[in-house]
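Chemist: sequence unknown, structure follows:
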C-alpha cells in the first residue's frame, strides 16, 4: 500500500483547505441551530459521511480523501458536526452489517441525534416514521 500523496491528493487538500477558509464559522458555535447549519454546510460540500456509499447519501470517498478532510478539519480546529458518532461509526456499521430496511441516507442521519422531526421520504427511509425513535428490525432498543 502506497501512503504517499498523489498529485490529485495534494490538489484535493488544497481544495479542502480553501473551502474551510471560506466556510469555517467565524465565531464559536453556541447553539444547536448553529451546529446544524455547520453540519449542513459540511454535508453539502461532501465532507460529511464521506465513507458512506453514494447510494446511501455518502460521498463514496477513498480512505485517503477521508484522511485529508479529517486532517484539514483538525488543522483548522473546525467544530464537530451534529452527529459524528452516528455518521462515523453507527451508520457505517449498519451499512456493512445491516439490511436495506435499516439504512437511512446520511443527509437524514443528523436526525438520529438532533431530533428534528419527520425526515423526507426516500426509498430507504420510507418505512421510518420519525428517525429519532425508529426501531431497527429485530432490534429491541431504538437508535436514539
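Modeler: Cool, the structure landed. All figures in this text were calculated on a predicted structure; none of them were measured in a lab.
Chemist: avg pLDDT for stretch 39-52?
Modeler: The pLDDT scores in stretch 39-52 average 90.
Chemist: contacts for it, please.
Modeler: Residues from elsewhere that reach stretch 39-52 (C-beta atoms under 8 Å, 6 or more residues apart in numbering): 16, 19, 23, 57-61, 63, 65-66, 69, 73, 81-83, 87, 91-92, 95, 106-107, 109-110. (Glycine included, C-beta is placed from N, CA and C.)
Chemist: one more pass at 6 Å, please.
Modeler: 19, 23, 58, 59, 61, 66, 69, 81, 82, 87, 106, 110 (C-beta atoms under 6 Å, 6 or more residues apart in numbering).
Chemist: over to stretch 23-32?
Modeler: With C-beta under 6 Å, 6+ apart, stretch 23-32 has contacts from 35, 38, 41, 76, 78, 79.
Chemist: end to end, how far does it reach?
Modeler: End-to-end distance of stretch 23-32: 18 Å, with C-alpha to C-alpha, to the nearest Å as the criterion.
Chemist: list the buried residues of that stretch.
Modeler: residue 29 (16 or more other C-beta atoms under 10 Å).
Chemist: now that stretch: mean pLDDT?
Modeler: 94.
Chemist: make a ChimeraX selection of the buried ones in the contacts of stretch 23-32.
Modeler: For the buried members of the contacts of stretch 23-32, the matching ChimeraX selection, counting by 16+ other C-beta under 10 Å, is:
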select :35,38,41,78,79
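Chemist: got TSV for the contacts of stretch 23-32, with secondary structure and distance to residue 28 too?
Modeler: Shown next, in TSV, are the contacts of stretch 23-32 (DSSP: H, G, I helix; E, B strand; the rest coil; distance: C-beta to C-beta, whole Å):
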residue	secondary structure	distance to residue 28
35	helix	11
38	helix	11
41	helix	16
76	coil	14
78	coil	12
79	coil	8
